[in-house]
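Asker: How does the following fold in three dimensions:
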Amino acid sequence: MIAFRVDRRSGVATYLQLVHQVKQALRLGFLEPGDRLPTAREVVLAIAINPNTVLRAYRELEREGLVEPRPGRGTFVTASLSRPAATAGSPLRGLLAAWIEQARTAGLERADIAALVAAALDERYPTPPSPQADRLEEDT
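Answerer: Down below sits the predicted model:
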């Protein structure tokens, strides 16, 4: 079962942090269809947040088709985002772990490594322009 954590200084809404953590667990294969998410009460007791925050996160995941509530039983995962190359034990994951260890040995800290990875991702997966940016270009 997933154990949520909240970074109150991140500037990201708490419910979105929960949504992101569930999606990450789905991508990495830690959660699979049929798995039950913790109840709102369990999450509230574990990380001291408002139960409505948990319910909002679960509604968002339901809206995205990733989970479904089953009255009296809990909220269950209905879809997977996992890809074999991202799961534990995959060769790519091993290569990434080795690269991270090299970066640490070279003196880089977590924030440095995160910045390098983000920059590489941005180079290879450019963010498409927003529709608002397209409208601005048309107006000029």
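Asker: tell me the SS of the residue nearest to residue 21 when sequence neighbours are not counted?
Answerer: Spatial nearest neighbour of residue 21, excluding adjacent residues (Cβ to Cβ, 6 or more residues apart in numbering): residue 4 at 5.8 Å. Any C-beta I mention is one placed from the backbone N, CA and C, and that applies to glycine too. Here residue 4 is recorded as coil under DSSP: H, G, I helix; E, B strand; the rest coil.
Asker: just checking, residue 4 touches residue 38?
Answerer: Yes. Assessed by Cβ atoms under 8 Å, residue 4 is found in contact with residue 38 at 7.4 Å.
Asker: can I see the domain layout of this protein?
Answerer: 14-77, 89-139 (automatic domain parsing).
Asker: Kindly reformat those domains as CSV containing mean pLDDT and mean neighbour count.
Answerer: Output for those, formatted as CSV (pLDDT from 0 to 100; neighbours: other Cβ atoms under 10 Å):
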stretch, mean pLDDT, mean neighbour count
domain 14-77, 96, 16
domain 89-139, 83, 10
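Asker: Columns distance to residue 8 on top of the ones you listed, output as TSV?
Answerer: Converted to TSV, the domains of the chain look like this (distance: least, Cβ to Cβ, whole Å):
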stretch	distance to residue 8
domain 14-77	8
domain 89-139	18
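Asker: Following element in sequence after whichever strand or helix holds residue 59, please.
Answerer: Taking DSSP states H and E as the criterion, the element that holds residue 59 is helix 51-63. Note on helix 51-63: by DSSP H and E, the next helix or strand toward the C-terminus is strand 67-70.
Asker: Surely residue 61 and residue 20 touch.
Answerer: No. With contact defined as Cβ under 8 Å, residue 61 does not reach residue 20; the gap is 10.5 Å.
Asker: where along the chain do the helices fall?
Answerer: 14-27, 40-47, 51-63, 91-105, 110-124, 131-139 (DSSP state H).
Asker: distance between the fourth one and the chain's centre?
Answerer: Spelled out, it's helix 91-105. Counting by Cα atoms, centre = their mean, to the nearest Å, helix 91-105 is centred 20 Å from the centre of its parent chain.
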